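>>> My questions concern the predicted model and sequence given below.
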Amino acid sequence: AQTVTQSQPEMSVQEAETVTLSCTYDTSENNYYLFWYKQPPSRQMILVIRQEAYKQQNATENRFSVNFQKAAKSFSLKISDSQLGDTAMYFCAFMNNNAGNMLTFGGGTRLMVKP
Amino acid sequence: GAVVSQHPSRVICKSGTSVKIECRSLDFQATTMFWYRQFPKQSLMLMATSNEGSKATYEQGVEKDKFLINHASLTLSTLTVTSAHPEDSSFYICSARDGGGPRNYGYTFGSGTRLTVV
């Protein structure tokens, strides 16, 4: 079974600065996908970024980028130029391409962006 | 983009009654949908995988007779909480795969249903 660990229950960052959220996972699989989801106070889950394990290049989406270290099973999210609207819960998630395609979520990190 | 509509957004019911939650994919077909439960300030816990035209697959510890899942069409999955009790009060979220193929895995989530059993 896969496990996903987010070691930072809460983080805060000043507006316009950069913050990195940590995520590690445990799997024996080689074919999988990793995701970061944002859940604002509305509780709507929003996809932030996605990484395919077979790709060595780190995924980027505007101010969001990941540091994917496959050997270390680490998948951190970097948010640059933090904005107040980035305040939310952030969940790291793992999907095994060979086992039902369901997502396994980490425990989440609550990010507060301060003005 | 892909949209999943979940209804109702909030529901209050009396103990012992049943509540049905609907999850619809509006602009794509979803052969597989997932149902999650989220307790306050906690992560999403997968309850079951809903497969169109077949029985749902339940995670360990989830009572299939209590949480009835029906996925009768490619755009609709329903979760019925039967004989609800206060401990069933929670936030329930559905999601569906919206991918265009193996290289485009994506999951779209409904907006969730807050169930309160009194």
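Great, that's in hand.
>>> hey, let's count contacts and neighbours off CA atoms from now on
Will do.
>>> Give me the neighbour count for the residue lying closest to B:Thr32 once chain neighbours are set aside.
Nearest residue to B:Thr32, sequence neighbours excluded (CA to CA, 6 or more residues apart in numbering or on different chains): B:Asn51, at 4.8 Å. A total of 21 residues lie near B:Asn51 under the criterion other CA atoms under 10 Å in any protein chain shown.
>>> doesn't B:Thr75 make contact with B:Asn51?
No - under the criterion of CA atoms under 8 Å, B:Asn51 lies out of contact with B:Thr75, with a separation of 11.0 Å.
>>> what's the overlap in contacts for the two?
Counting by CA atoms under 8 Å, 6 or more residues apart in numbering or on different chains, the residues touching both B:Asn51 and B:Thr75 are B:Thr31.
>>> and the residue positioned nearest the centre of chain A, what helix or strand is that in?
With the centre of chain A defined as its mean C-alpha position, the nearest residue by CA atoms, centre = their mean is A:Trp36, 3.2 Å away. The secondary structure element spanning A:Trp36 is strand A:32-39 (assigned by DSSP states H and E).
>>> For that strand, which outside residues touch it?
Strand A:32-39 is contacted from outside by A:45-54, A:75, A:77, A:88-98, using CA under 8 Å, 6+ apart.
>>> Now the buried members of those residues.
A:45-53, A:75, A:77, A:88-96 (16 or more other CA atoms under 10 Å in any protein chain shown).
>>> can you narrow these to ones near chain B?
When CA under 8 Å from any CA of the partner chain is applied, the members of the buried ones among the contacts of strand A:32-39 adjacent to chain B are A:45-47, A:91.
>>> and stretch B:84-94, is it in reach of chain A?
No - with CA under 8 Å from any CA as the measure, stretch B:84-94 is seen stopping short of chain A, the closest distance being 9.0 Å.
>>> What are the buried residues along that stretch?
Across stretch B:84-94, burial judged by 16+ other CA under 10 Å covers B:84-85, B:88-94.
>>> before we move on, what about stretch B:32-48?
Buried residues in stretch B:32-48, counted by 16+ other CA under 10 Å: B:32-38, B:43-48.
>>> Same check on stretch A:102-115?
Buried positions in stretch A:102-115, judged by neighbour count with 16+ other CA under 10 Å: A:102-113.
>>> rewinding a little: ok, now which ones touch the residue nearest to B:Thr32?
The neighbourhood of B:Asn51, defined by CA under 8 Å, 6+ apart, consists of B:31-33, B:57, B:71.
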